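Visitor: next input, structure requested:
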Amino acid sequence: PPPPTPTKEKIQIFGKGHLQRLAGQYGIENTFSMPLVNDIAKNGDSGNPYILEHPDTPQSETYRELARSVIKEVSKAKHTQNANRPTVSYDQDSHIIRYDAESIKPAVLRRGCKCAVCVEEMSGKQILDPGDVDEMIRPVMWGPTGNYALSIEWSDGHSSLYPYKKIKTLIEEQKIKDLKEVNGEGGGYDMVPL
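Guide: Numbers count the residues shown, from 1 in each chain. Got it, this is the predicted structure:
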């Protein structure tokens, strides 16, 4: 059979919005989408970089943007070292994870896991039933992963990776939920008829 006819149609292999979903899920600041082009593979196989042979294509511009982002992120990492990393600890007595001056319940953090076991990758739909997470779950081991995330081994045997931004978001969401509970389900003032 003859090879398929090239098309300009944009096919999103992982579904529409997947790149943005992953960026939000893992706290990724720099994302790039590269169209599948036969010449990229051919150039890679021959050892002649695509960008040198095709400097004026949109793909080459994406490679240049990617290179600029790598340089920026390496420079940022080199100059800030551990400065952006929060201090994280587990207080067994109060059963709280301390995150700088904030805190979060371990069960809330565990329920916020966005790994492929807990969240369907293609749709972003939660697989983990929040009711299956024991309120007394605790972190067994934890530590930084690069400068962007915290890895946690849980007492239920699960492993999670949380971008620091995601932990901050979960803390803020929990504050709002707690405030709404204190103020009644509506989260505002109780209205009393006069």
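
Visitor: only C-alpha atoms from now on, for both contacts and neighbour counts.
Guide: Noted.

Visitor: okay, helices next: where are they in this protein?
Guide: Using DSSP state H, the helices of the chain run over residues 18-26, 38-46, 50-53, 58-80, 106-111, 164-182.

Visitor: out of those, deepest packed?
Guide: helix 106-111 (a mean of 21; mean count of other C-alpha atoms under 10 Å).

Visitor: what helices or strands is it leaning on?
Guide: helix 164-182 (3 or more C-alpha pairs under 8 Å, 6 or more residues apart in numbering; DSSP states H and E).

Visitor: the helix it packs on packs against which elements?
Guide: Using 3+ C-alpha pairs under 8 Å, 6+ apart as the test, helix 164-182 ends up in contact with strand 102-104, helix 106-111.

Visitor: okay, these in TSV with mean pLDDT next?
Guide: Below are the helices and strands packed on helix 164-182 laid out as TSV (pLDDT from 0 to 100):
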stretch	mean pLDDT
strand 102-104	94
helix 106-111	96
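
Visitor: out of these, nearest to His79?
Guide: strand 102-104 (25.8 Å; C-alpha to C-alpha).

Visitor: now do the buried residues in that closest one.
Guide: Using 16 or more other C-alpha atoms under 10 Å as the test for burial, strand 102-104 gives Ser103, Ile104.

Visitor: quick one: low-confidence parts of this structure?
Guide: Scanning the chain for pLDDT under 70 picks out the ranges 1-8, 25-27, 80-84, 185-194.

Visitor: let's see 80
Guide: 1-29, 34-36, 76-84, 121-124, 146-147, 184-194 (pLDDT under 80).

Visitor: and the residue nearest to Ser60 when sequence neighbours are not counted, what does it touch?
Guide: Setting aside the residues directly before and after it, Ser60 is nearest to Ile51 in space (C-alpha to C-alpha, 6 or more residues apart in numbering), at 5.0 Å. Residues near Ile51 by C-alpha atoms under 8 Å, 6 or more residues apart in numbering: Gln59, Ser60, Tyr63.
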